[in-house]
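>>> Got a sequence here, can you build the structure:
(chains A and B)
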Protein chains: 2
Amino acid sequence: MALCVLLLSSGCASLKPDPLPSWNEGSSKQAIVGFVSKVTTPGSPDFVPVPERIATFDNDGTLWAEQPLYSQLFFVLERVKTLAPQHPEWKTKEPFASLLKGDVKGALSGGDKAVAELIGATSTGMSTAEFDALVTQWLATAKHPRFNQPYTAMVYQPMIELMAYLRANGFKTFIVSGGGMAFMRPWTERVYGVPPEQVVGSSGKTQFELRDGKPVIMRLPELGFINDGPGKPVGINEHIGRRPILAFGNSDGDLQMLQWTAAGSGARFMAFVHHTDAAREWAYDRDSSIGRLDKGLDEARAKGWTVVDMKKDWAVVFPFAAK
Amino acid sequence: MALCVLLLSSGCASLKPDPLPSWNEGSSKQAIVGFVSKVTTPGSPDFVPVPERIATFDNDGTLWAEQPLYSQLFFVLERVKTLAPQHPEWKTKEPFASLLKGDVKGALSGGDKAVAELIGATSTGMSTAEFDALVTQWLATAKHPRFNQPYTAMVYQPMIELMAYLRANGFKTFIVSGGGMAFMRPWTERVYGVPPEQVVGSSGKTQFELRDGKPVIMRLPELGFINDGPGKPVGINEHIGRRPILAFGNSDGDLQMLQWTAAGSGARFMAFVHHTDAAREWAYDRDSSIGRLDKGLDEARAKGWTVVDMKKDWAVVFPFAAK
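Numbering: from 1, shown residues only, chains lettered A, B, ... in the order given. Next up, the predicted model:
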């Protein structure tokens, strides 16, 4: 402590361990550290009181991998195979028929409607507790097709460090994802340190019932809220009730969240993860059907938002690759 | 500290200031303190880890007064009067016509539909920021008709102490109210210490828009979610994603929240505030149109839940009365 006081003017901070060791030195890391420093320094014109330090993160493609398919879709596809014997009609009914023939692309060619149908058929008509158990069980055994790792290992080490760094600086970290809220909540606390009550996502309708006298919440096969694109600021307002001062996404589906964050007064930090690393992860942006980053990339460049170059900015991508 | 260790077996705790000074000694206070003690004592068979210490509170009639009308209705009634000159058609259109003649009872005889219409006409068609400002402005000037106090002074001192006591013991306190979420969030942090992201309530539909290039969230005149009765466990699941271990309500609209809380495993605490004090507050239960407590009272007694007797259990009701 005394040493630190003596050395303060000559760079004592460098004696502390780097809170972001998986981030290479460069403009992205500088922008993050500079922002956190100015909003947390008492007396700084940009100081933000602790309760207003709200940070929101997209999940798919921002905190964990989303290629070649969203992890939730891998879960749904396996559920279709498991349930197929009870549904002989699926053999001739799309999107199930293509899927059961192994034609994932064909099955998903029906777009959002096909996805909604698959989710309805595999993830509803059960209680919330039953769905939790299915997700937990699947995550314990399923492996990613390219990396042969559990899906919860396919998370970005630099982003995990970033969220911990923000929390250590008084931020509350939220996930604001287009993915299913109930699909994320069973594991986000363990994997990201983000508790269920700080996970905002898409959701179907649910209903409170007494089943044999015991209260349950049933998942109904009805669409509820789609927390994507212009739905993200709406979801943030509904769940958080105040505007983030920092927001991180990776696709055009996050653009409105970043616009909403940017439109507040005072210091703001907006960033996209740009997938530029085909060797360690994937390289995609404007032409990808999953996680397309096109308008967002233009707006980020025009407005000076941070664009994280995965290949250049990240020393490590996945935790398992760091070993 | 040394003194405390020495005296531990002879009642050292009594040297600490009472965290619930506005609660009279009795079975309600004992039940609360006993529950908090057992779930926070490491090694206790009832120990609950900090992240799972979720406590939910109804607002109207549980944290602040709801008689002779919900405060939000007083706000809406004033808005109707303010807006009436712009709406000549209201002179002959119910529920507005009765209201403008001073017949509040007649106006509300249309039940939920009338209330929804009043809220739609007075609280939508504007941005979330504009609505925030209207609520804040109203609260700064409006006074309760019986006590001539600001509505945010009409809160229950024992409940404020209870929430602070729970937070000091690692609980996260949430409001789970049938009232409008956006009506509560501008002031709950200041008045109750509950931040906006821990306020769950009813809400209308909203929409993200760019207005003159600036992002806004507009409040649409469409019903969204009614967070009351069986809607409360649904709202809890949607916003919190885990089951409370403690829940406090005051009416049949809170019964399902208490049932949902009770149905979890491990130690649980369920309670109703019973309005028994016509002198200091109001006395009402089974026959009240506002805050009716009938089935809930029977179920609480049958199941041994705590029923707080306002007259007997509370040394003080409102903070202004303590002076």
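>>> Buried residues, stretch A:265-274. List them.
A:267-274 (16 or more other Cβ atoms under 10 Å in any protein chain shown). (C-beta placed from N, C-alpha, C; glycine too.)
>>> Wasn't A:Ala114 part of a strand?
No. A:Ala114: not assigned to a strand; according to DSSP: H, G, I helix; E, B strand; the rest coil it is helix.
>>> what sits against it?
Taking Cβ atoms under 8 Å, 6 or more residues apart in numbering or on different chains, we find A:Ala114 in contact with A:94-95, A:107-108.
>>> What parts of the stretch 101-250 of chain A come near chain B?
Residues of the stretch 101-250 of chain A that fall close to chain B, judged by Cβ under 8 Å from any Cβ of the partner chain: A:128, A:172, A:181-182, A:185, A:189, A:195-199, A:203, A:206-208, A:210, A:214-215, A:217, A:230-234, A:237-242.
>>> which of those residues count as buried?
A:128, A:172, A:181-182, A:185, A:189, A:195-199, A:203, A:206, A:208, A:215, A:217, A:230-234, A:237-242.
>>> Okay, and which of these map to strands?
The strands, defined by DSSP state E, take in A:172, A:199, A:203, A:206, A:208, A:215, A:217 from these.
>>> Need the max-distance pair from the residues you listed.
A:Lys172 and A:Pro215 (29.9 Å; Cβ to Cβ).
>>> mind listing the strands for the stretch 1-150 of chain A?
Remark: strands assigned in the stretch 1-150 of chain A by DSSP state E, counting those that start in this stretch are A:54-57, A:126-127.
>>> Would you mind listing where the stretch 201-323 of chain A has pLDDT under the threshold?
A:323 (pLDDT under 70).
>>> Report the backbone C-alpha coordinates of stretch A:60-72 in PDB.
Extracted C-alpha coordinates of stretch A:60-72, given in PDB (Å, rounded to 0.1, in the frame of the first residue of the first chain):
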ATOM      1  CA  ASP A  60     -25.000 -15.800 -29.700                       C
ATOM      2  CA  GLY A  61     -21.900 -14.700 -31.500                       C
ATOM      3  CA  THR A  62     -21.000 -12.200 -28.800                       C
ATOM      4  CA  LEU A  63     -20.400 -14.400 -25.800                       C
ATOM      5  CA  TRP A  64     -20.400 -17.800 -27.400                       C
ATOM      6  CA  ALA A  65     -20.100 -19.300 -30.900                       C
ATOM      7  CA  GLU A  66     -23.200 -19.300 -33.200                       C
ATOM      8  CA  GLN A  67     -21.700 -21.200 -36.100                       C
ATOM      9  CA  PRO A  68     -22.500 -23.400 -38.000                       C
ATOM     10  CA  LEU A  69     -25.900 -23.000 -36.200                       C
ATOM     11  CA  TYR A  70     -27.200 -21.400 -33.000                       C
ATOM     12  CA  SER A  71     -26.600 -23.900 -30.200                       C
ATOM     13  CA  GLN A  72     -30.300 -23.800 -29.300                       C
END
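>>> Give me the residues contacting it.
Residues contacting stretch A:60-72 (Cβ under 8 Å, 6+ apart): A:57, A:104, A:144-146, A:151-152, A:154-156, A:159-160, A:175, A:177-180, A:183, A:192, A:248-251, A:254, A:273, A:275, A:281-282, A:284, A:290-291, A:318.
>>> Also stretch A:293-312?
For stretch A:293-312, using Cβ under 8 Å, 6+ apart, the contacting residues are A:24, A:26-28, A:31-32, A:249-252, A:254-255, A:258-259, A:262, A:269-277, A:280-281, A:283-286, A:314, A:317.
>>> For the residue lying closest to A:Phe35 once chain neighbours are set aside, give me its contacts.
Among residues not flanking A:Phe35 along the chain, A:Phe269 sits closest, at 4.4 Å (Cβ to Cβ, 6 or more residues apart in numbering or on different chains). By Cβ under 8 Å, 6+ apart, the contact set of A:Phe269 is A:31-32, A:35, A:245-247, A:261, A:306.
>>> Then A:Ser98?
A:104, A:106-107, A:109.
>>> Repeat the analysis, applying 6 Å as the threshold.
A:106-107 (Cβ atoms under 6 Å, 6 or more residues apart in numbering or on different chains).
>>> Likewise for A:Thr40?
A:Thr40 touches A:Asn169, counting by Cβ under 6 Å, 6+ apart.
>>> again, only this time at 10 Å
A:46-48, A:50, A:53, A:166, A:168-171 (Cβ atoms under 10 Å, 6 or more residues apart in numbering or on different chains).
>>> May I have the predicted confidence score for it?
Note for A:Thr40: predicted pLDDT of 98.
>>> With the one 5 residues further on instead?
Predicted confidence (pLDDT) for A:Pro45: 96.
>>> Roughly how far does it sit from B:Ala279?
A:Pro45 sits 53 Å away from B:Ala279, going by Cβ to Cβ, to the nearest Å.
>>> Check A:Lys303 too.
61 Å.
>>> So which of these two has more stuff around it?
A:Lys303 (11 against 8; other Cβ atoms under 10 Å in any protein chain shown).
>>> ranges for the helices of chain A?
A:2-7, A:27-40, A:71-83, A:96-100, A:104-108, A:111-123, A:128-141, A:157-168, A:181-184, A:188-192, A:231-239, A:255-262, A:295-303, A:310-313 (DSSP state H).
>>> Pull out the buried positions in the fourth one.
Taking 16+ other Cβ under 10 Å as the neighbour-count basis, helix A:96-100 is seen to contain the buried residues A:96, A:98-100.
>>> can you list these in TSV and add pLDDT and distance to A:Thr40?
Shown next, in TSV, are those (pLDDT from 0 to 100; distance: Cβ to Cβ, whole Å):
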residue	pLDDT	distance to A:Thr40
A:Phe96	95	52
A:Ser98	92	52
A:Leu99	91	49
A:Leu100	92	54
